[in-house]
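A.B. asks: show me how the following folds:
(one chain, ligands or ions: 1)
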Amino acid sequence: MTFISSLANETRIAARGLLDYVTGNGLRLGVTGLSRSGKTVFITALIHNLLRLSRISAADPNRTFPVFRVHAENRLTRSFLEPQPDDNIARFEYENHLADLTGGAKGPDARHWPQSTNRISELRITLEFERSTGWRKGADALTIDIIDYPGEWLLDLALLSQTYAQWSTETLEAAASPARALFARDWRNFLATIDPTGEASETIARQAANLFTAYLRACRDDRYALSTLPPGRFLLPGDMEGSPALTFAPLPIDTTSTIIKDTLAGMMERRFEAYKTHVIKPFFRDHFARLDRQIVLVDVLSALNSGPAAVRDLETAMSGVMSAFRTGQSSFLTSIFRPRIDRILFAATKADHLHHSSHDRLEDILRLLVNRTVSKAENLGAISDIIAMAAVRATREVNVTHNGQKLQAISGTPLAGESVHGETFDGSAEAAIFPGELPADPKTVFNGEGIAMPDNDADYRFLRFRPPLPGPMVDGHAAPLPHIRLDRALEFLLGDKLV
Ligand code: GDP
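C.D. replies: Residues are numbered from 1 along each chain as shown. You can find the predicted model right below:
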């Protein structure tokens with residue numbers, strides 16, 4: 001980047017920062033995580049609860065949010081959604097997502113999980129509250145912009161410091177690893193038939209990009225849960241679908257020789273550079289650099305359920321995600337954006353798939369995963385915490401007897417089509433299952449130990465459940481969606497701004 005353009009970027013960010021500041025007591029909260037980590041469900045549950053908490057007393061017999069202090073101390077007076085702050089970002093479709101989760105006007109039988117995040121979106125909510133201490137004691141308000149964006153986009157940061165040749169070599173090496181080789185077969189077979197030093201061809205570029213995307217998609221399939229490799233927009237193109245900036249793929253090229261301009265490799269290299277300029281840098285400059293707080297959602301359980309290759313893969317992806325948060329006093333990164341995030345929460349999602357006796361173990365595993373990654377970097381330059389939670393709790397805990405053994409199980413309505421031990425569920429009836437136990441020593445998950453089952457039950461598979469049936473009305477309003485530790489997450493992310 002030239003000095004002039006770097007200066008222009010810096011000035012733009014500074015001006016933005018000022019604008020964000022003068023709009024009042026505001027906070028921009030980023031919500032990210034790899035696809036299907038639970039972002040859409042988390043934001044929907046978060047807004048749903050923030051909107052209802054100001055209506056109910058902290059003495060509510062359900063006491064569903066005891067750790068969120070502003071509520072527990074009865075100081076939250078009003079909460080409401082505001083018009084969209086940025087004209088160029090889609091609104092997070094809160095109302096539709098909530099109607100999906102609860103069944104909405106169609107009734108609880110129609111409840112289902114909402115459509116996942118595939119692009120950036122945002123929503124503004126204002127909380128009016130009473131300050132309890134300090135010179136600002138009395139009525140005040142906090143405006144929160146919640147920004148939802150795919151974690152895959154953060155992985156792209158690594159590409160900025162790579163040449164096309166380096167990226168090609170690294171990506172092809174990963175594709176040859178035992179965990180990925182099968183999914184990469186068609187794409188690698190195709191590569192064997194083309195000549196990177198041959199003439200540039202749009203047809204070949206398109207075919208290579210399609211096969212490469214299919215490979216990335218296969219790795220992300222629920223059954224294997226391998227984490228995504230960059231470029232992040234190949235799987236989550238947002239509004240860039242079909243754009244030429246996305247029509248490139250790695251090629252087997254000799255890193256020691258120069259790439260000639262009019263060859264196939266030359267064309268791919270040019271598009272790779274265009275992807276950096278037109279996709280990666282604007283995202284970091286215009287969105288990421290403006291965040292104040294961040295929650296990173298991690299689906300640790302799916303990775304554990306898929307085996308050690310998926311766990312190691314998740315660790316690699318997390319390392320890519322973390323590099324975006326490092327203060328990294330590298331002048332190269334700070335010339336594009338200067339992260340101003342001062343709190344980061346790492347959350348293992350879907351903890352309702354486990355009995356509560358395993359929740360702390362889930363946190364220990366995520367802590368290890370994050371720490372191993374952070375220690376490779378410098379520090380994060382922000383306060384961070386780890387939590388195991390379920391934004392929407394789809395199960396309840398029950399005791400069952402299995403082969404004369406008393407087990408702590410969970411019960412919920414498995415999704416239609418889910419099956420275990422030869423029994424296939426139709427999505428209408430509740431079933432109790434033993435969720436398995438996480439190992440006491442988190443380190444073992446990197447060596448192949450996953451979720452322990454009684455009798456080494458080989459047929460065990462992680463069951464997915466439908467969203468919960470709504471409970472009885474509270475204070476004349478629809479029952480809140482149940483959760484696990486969502487209040488703790490909120491207190492960490494917002495609590496200090498609401499005292
Ligand atoms: P996104 O791609 O990060 O936006 O992920 P979603 O929020 O769409 O979540 C992906 C899937 O994970 C959902 O369709 C649900 O099946 C599941 N899920 C997400 N959050 C929870 C949760 O709190 N509890 C349970 N049981 N399942 C969840």
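A.B. asks: tell me which parts of the stretch 201-350 of the chain are close to the ligand?
C.D. replies: Residues of the stretch 201-350 of the chain that fall close to the ligand, judged by Cβ under 6 Å from any ligand atom: 349-350. Quick note: C-beta positions are derived from backbone N, CA and C, even for glycine.
A.B. asks: ranges for the helices of the stretch 201-350 of the chain?
C.D. replies: For the stretch 201-350 of the chain, the helices defined by DSSP state H, counting those that start in this stretch occupy 202-220, 264-275, 281-286, 300-306, 308-323, 331-334.
A.B. asks: point out the most buried one among the ones you listed.
C.D. replies: helix 300-306 (a mean of 24; mean count of other Cβ atoms under 10 Å).
A.B. asks: packing partners for it?
C.D. replies: Counting contacts by 3 or more Cβ pairs under 8 Å, 6 or more residues apart in numbering; DSSP states H and E, helix 300-306 is packed against helix 308-323, helix 359-376.
A.B. asks: redo the ones you listed as CSV? Include mean pLDDT.
C.D. replies: Formatted as CSV, those follow (pLDDT from 0 to 100):
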stretch, mean pLDDT
helix 308-323, 83
helix 359-376, 84
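A.B. asks: which of those helices sits closest to Asp186?
C.D. replies: helix 308-323 (20.2 Å; Cβ to Cβ).
A.B. asks: now do the closest one: which elements does it pack against?
C.D. replies: With contacts defined as 3+ Cβ pairs under 8 Å, 6+ apart, helix 308-323 has these neighbours: helix 152-155, strand 293-298, helix 300-306, helix 359-376.
A.B. asks: closest one to Arg78 among the ones you listed?
C.D. replies: Smallest distance to Arg78 across the helices and strands packed on helix 308-323 (Cβ to Cβ): 21.7 Å, for strand 293-298.
A.B. asks: buried sites along that closest one?
C.D. replies: The neighbour-count criterion (16 or more other Cβ atoms under 10 Å) identifies 293-298 as the buried residues of strand 293-298.
A.B. asks: closest to Phe446 out of those?
C.D. replies: Checking those against Phe446 by Cβ to Cβ gives Val298 as the nearest, at 15.0 Å.
A.B. asks: and the closest one, how far from the ligand?
C.D. replies: 10 Å (Cβ to the nearest ligand atom, to the nearest Å).
A.B. asks: returning to what we had before: nearest to Met240, out of the helices and strands packed on helix 308-323?
C.D. replies: It is, among the helices and strands packed on helix 308-323 and with distance given as Cβ to Cβ, helix 152-155, at 10.9 Å.
A.B. asks: which of the residues in the closest one are buried?
C.D. replies: 152-155.
A.B. asks: and for stretch 411-431?
C.D. replies: Residues of stretch 411-431 classed as buried by neighbour count (16+ other Cβ under 10 Å): 412-415, 418, 420, 425, 431.
A.B. asks: which residues are contacting the helix or strand hosting Thr169?
C.D. replies: Assigned by DSSP states H and E, Thr169 belongs to helix 164-175. Residues from elsewhere that reach helix 164-175, judged by Cβ atoms under 8 Å, 6 or more residues apart in numbering: 159, 162, 180-181, 184, 187-188, 191, 215, 229-230, 250-253, 255, 259, 265, 268-269, 272-273.
A.B. asks: just the buried subset of those, please.
C.D. replies: 159, 162, 180, 184, 187-188, 191, 215, 229-230, 250-251, 253, 259, 265, 268-269, 272.
A.B. asks: return the subset of those residues lying in strands.
C.D. replies: If you go by DSSP state E, the buried ones among the contacts of helix 164-175 have nothing in strands.
A.B. asks: check which helix or strand covers Leu81.
C.D. replies: Per DSSP H and E: strand 76-82 holds Leu81.
A.B. asks: list the neighbouring strands of that strand plus their orientation.
C.D. replies: Note on strand 76-82: by DSSP bridges, its sheet partners are strand 121-131 (antiparallel).
A.B. asks: in this structure Asp385 contacts Phe346, no?
C.D. replies: Yes - with contact defined as Cβ atoms under 8 Å, Asp385 counts as touching Phe346 (7.4 Å).
A.B. asks: follow-up on the earlier one: what's the first helix or strand after the strand holding Leu81?
C.D. replies: Next along from strand 76-82, by DSSP H and E: strand 90-91.
A.B. asks: rewinding a little: quick one, which of the helices and strands packed on helix 300-306 is nearest to Leu98?
C.D. replies: helix 359-376 (25.5 Å).
A.B. asks: now do the buried residues in that closest one.
C.D. replies: Those would be 359, 361-370, 373-374, for helix 359-376 by 16+ other Cβ under 10 Å.
A.B. asks: from the residues you listed, which is closest to Arg464?
C.D. replies: Leu362 (17.1 Å).
A.B. asks: for the closest one, which non-adjacent residue is closest in space?
C.D. replies: Nearest residue to Leu362 in three dimensions, chain neighbours excluded: Ala388, at 4.0 Å (Cβ to Cβ, 6 or more residues apart in numbering).
A.B. asks: the one you found touches Asp360, doesn't it?
C.D. replies: Yes - judged on Cβ under 8 Å, Ala388 makes contact with Asp360 at a distance of 7.4 Å.
A.B. asks: residues of the stretch 1-150 of the chain that sit close to the ligand?
C.D. replies: Residues of the stretch 1-150 of the chain lying near the ligand (Cβ under 6 Å from any ligand atom): 33, 35-41, 113, 116-117.
A.B. asks: helices of the stretch 1-150 of the chain, start to end?
C.D. replies: Using DSSP H, counting those that start in this stretch, helices in the stretch 1-150 of the chain cover 3-22, 39-53, 69-72, 94-102.
A.B. asks: and the ones you listed, which one is worst for confidence?
C.D. replies: Note on the helices of the stretch 1-150 of the chain: helix 3-22 shows the lowest mean pLDDT, a mean of 41.
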